[in-house]
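# no sequence on this one, just coordinates:
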């Protein structure tokens, strides 16, 4: 058995996962530490985090959906829009374990760890990505402000922005105006420091919904 090397085992884990995820159309983006698949109007991601310890490390993973039109609509610049995701969840959510971790102590652990990860990704993560690539399904999920909604979009103002953004893109004015009020009240009550950023997006979208009559 090789001496423990975090860098070598991390790279080996990425390579093994990359082979498995490559069969599903994903490629690894090292700067973002995630595997990405670009579809026609959405991006799918499988994000990987490594928690380093003196003699081993844990791996956590999550999946995310990014609607290109939505991110461009609410983000301040296009470069940011191509890096952000609209909603997502840690794989532990599906197993009821919170933040599920897979441990790697040596090179012998890499294959079984990646096998377990891939099993969870294929059986639970990919169906999630497929389901929430529907803007209608995503809007239903992000409309709430309870603990269930937080799991998929934990930053409150960002969840609020994306909810009204999805309603706008779907052309559902009733949902847009209802959510604009509800989200404003929710953020105001929490004294959210990013309330103004949400209000700026709300104002922008309201102006696009009801442009002034051109003379």
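Right, received. Where do you want to start? Source: prediction; values computed, not measured. Numbering: from 1, shown residues only.

# care to break the protein down by domain?
Per the record's domain assignment (automatic domain parsing), the chain is made up of the domains 6-131, 135-209.

# let me have the ones you listed in JSON lines, extended by mean pLDDT.
JSON lines is the format used below for the domains of the chain (pLDDT from 0 to 100):
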{"stretch": "domain 6-131", "mean pLDDT": "91"}
{"stretch": "domain 135-209", "mean pLDDT": "96"}
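
# Serialize those to TSV and add fields for mean neighbour count.
Where C-beta positions appear, they are placed from N, C-alpha and C, glycine not excepted. As requested, the domains of the chain are exported to TSV (neighbours: other Cβ atoms under 10 Å):
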stretch	mean neighbour count
domain 6-131	17
domain 135-209	17
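
# give me the contacts around the helix or strand harbouring residue 196.
In this structure, residue 196 sits in helix 195-209 according to DSSP states H and E. With Cβ atoms under 8 Å, 6 or more residues apart in numbering as the test, helix 195-209 has contacts from 73-74, 157, 160-161, 164-165, 168, 173, 176, 180, 183-184, 187-188, 192.

# start to end distance for stretch 93-106?
The stretch stretch 93-106 measures 27 Å between its terminal residues, going by Cα to Cα, to the nearest Å.

# so what touches it?
Surrounding stretch 93-106, the residues in contact under the criterion Cβ under 8 Å, 6+ apart are 1-2, 4, 9, 13, 51, 55-61, 90-92, 109-110, 113, 116-117, 120, 124-125, 128, 151.
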